[in-house]
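1. After the sequence you'll find the predicted model.
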Amino acid sequence: MKNSELIDEINKLKKEKNAIILAHNYQPAEIQEIADFLGDSLELCIKASKIEDADIVVFCGVDFMAETASIISPDKKILLPDLGAYCPMADKLKTEELIQAKKENPDAAVVVYVNTLASSKAEADIVCTSANASKVFESLSQDKVIFAPDVNLSQFGNASVNKELMVVPKDGNCYVHKAFKKEDVANIRKEYPDAEVVVHPECDKEVQDAADQVLSTGGMMKLAAESDFETIVLGTEVDIISRLNRECPGKNYVPLRKDAICETMKLHTLEKVRDALRDEKYEVVVDEDIRKKAIVSVQRMLDLA
Ligand code: 13P
Ligand code: SF4
């Protein structure tokens with residue numbers, strides 16, 4: 001079936017079922033183009049908290065994002081078009097390890113990245129995203145912080161407050177952003193000496209230090225829309241550039257690495273979105289006891305926004 005036919009079917013089903021499509025900035029271009037709302041993790045959480053007039057939300061992102069939407073909007077049916085769409089970094093965190101760290105450090109604040117499953121959010125005092133990590137750290141009264149699971153984001157968030165930091169697991173990282181090296185920044189500067197180089201806070205510190213700015217994907221969109229830079233180098237997943245070219249044309253967007261691809265983000269296709277709407281699958285539901293605890297840490301973050 002042609003893409004245009006699939007899009008017609010999707011639009012028809014959306015109307016029939018009173019559904020909307022939310023998608024993350026790393027989604028493939030064909031999914032970005034049919035989304036009702038596109039954003040970074042924080043923008044997607046805020047959007048999920050404001051949906052009133054839809055019964056179904058098709059979430060094109062990875063599982064923790066759909067779970068978070070379900071934590072925030074339990075009265076909506078949240079659908080993930082491909083159940084294999086998970087975040088390896090979120091998956092690696094064992095909630096028991098977080099519970100153990102809490103037992104050993106009862107005086108520490110517990111901050112978890114939104115890239116965690118609901119059972120870990122249920123153990124946290126507050127959630128953060130790449131867009132608000134510094135703000136969340138600044139809001140803490142405790143001197144000690146247990147953070148899970150991204151080491152690079154924890155250091156980025158902690159930079160202005162310098163709290164005593166424990167990260168669980170000790171080597172938590174995103175394989176896509178870990179692949180960027182400071183040499184990539186040096187090489188791209190030789191090729192594009194006037195470019196503004198922006199990287200994601202999940203990149204290693206030496207990559208962050210070599211860049212001009214460290215921003216969430218939503219921050220990158222804003223920079224492109226509001227600045228005069230003619231060339232912007234993006235140190236994050238490549239499909240942010242699909243959105244930039246569509247929404248902020250007229251600039252030169254260069255990937256810091258062409259192979260920065262989050263494989264599981266690419267599992268959603270137009271066909272799977274159509275099937276998700278038609279068959280109302282795959283529903284993401286969070287256990288109610290876990291949800292009641294997790295909403296507290298998610299809501300604290302939303303209250304800061
Ligand atoms: P953003 O919230 O900046 O879009 O990042 C999400 C993510 O998964 C980064 O790898
Ligand atoms: Fe997870 Fe990294 Fe993919 Fe983001 S880019 S969803 S952190 S694996």
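-> Okay, I see it. Ligands and ions are numbered 1, 2, ... in the order given.

2. which phi and psi does F180 have?
-> phi -70, psi 140 (degrees, to the nearest 10).

3. from what I can see it touches V199, true?
-> Yes. At 6.6 Å, F180 counts as touching V199 under the criterion of CB atoms under 8 Å. C-beta here means a position set from N, CA and C on the backbone, and glycine is covered the same way.

4. where do the contact lists of those two overlap?
-> V207, G235, L256 (CB atoms under 8 Å, 6 or more residues apart in numbering).

5. If we go by neighbour counts, what in stretch 157-171 is buried?
-> Going by neighbour count (16 or more other CB atoms under 10 Å), the buried part of stretch 157-171 is G157, N158, K163, L165, M166, V167, V168, P169.

6. likewise stretch 17-27?
-> For stretch 17-27, burial by neighbour count (16+ other CB under 10 Å) applies to K17, A19, I20, I21, L22, A23, H24, N25, Y26, Q27.

7. Please tell me how far the residue in the stretch 1-150 of the chain that ligand 2 sits nearest to sits from E283.
-> Distances between the stretch 1-150 of the chain and ligand 2 by CB to the nearest ligand atom are smallest at C87, namely 3.3 Å. Distance of C87 to E283, given as CB to CB, to the nearest Å: 19 Å.

8. Who has more neighbours out of the two?
-> C87 (24 against 13; other CB atoms under 10 Å).

9. can you give me the mean pLDDT across stretch 218-228?
-> In this model, stretch 218-228 carries a mean pLDDT of 98.

10. Could you do stretch 289-301 as well?
-> 98.

11. got the contact list for it?
-> So stretch 289-301 is contacted by 45, 68, 70-72, 74, 112, 114, 118-119, 121-129, 132, 136, 286 (CB under 8 Å, 6+ apart).

12. cutoff 6 Å now
-> If you take CB atoms under 6 Å, 6 or more residues apart in numbering as the criterion, stretch 289-301 is touched by I71, A118, S119, K121, A122, A124, I126, V127.

13. ok, now stretch 153-168?
-> 97-98, 101, 113, 133-134, 137-138, 143-148, 151, 201-202, 205.

14. Can you narrow those down to the ones near ligand 2?
-> E202 (CB under 6 Å from any ligand atom).

15. Drop anything exposed from the contacts of stretch 153-168.
-> Of the contacts of stretch 153-168, these count as buried by 16+ other CB under 10 Å: 97-98, 101, 113, 133-134, 137, 145-148, 151, 201-202.

16. related to what we said a few turns ago, tell me which two in the buried residues of stretch 157-171 are the farthest apart.
-> Pairwise distances across these (CB to CB) peak at 18.9 Å, for the pair K163 and P169.

17. end to end, how far does stretch 50-60 reach?
-> This stretch, stretch 50-60, spans 18 Å end to end (CA to CA, to the nearest Å).
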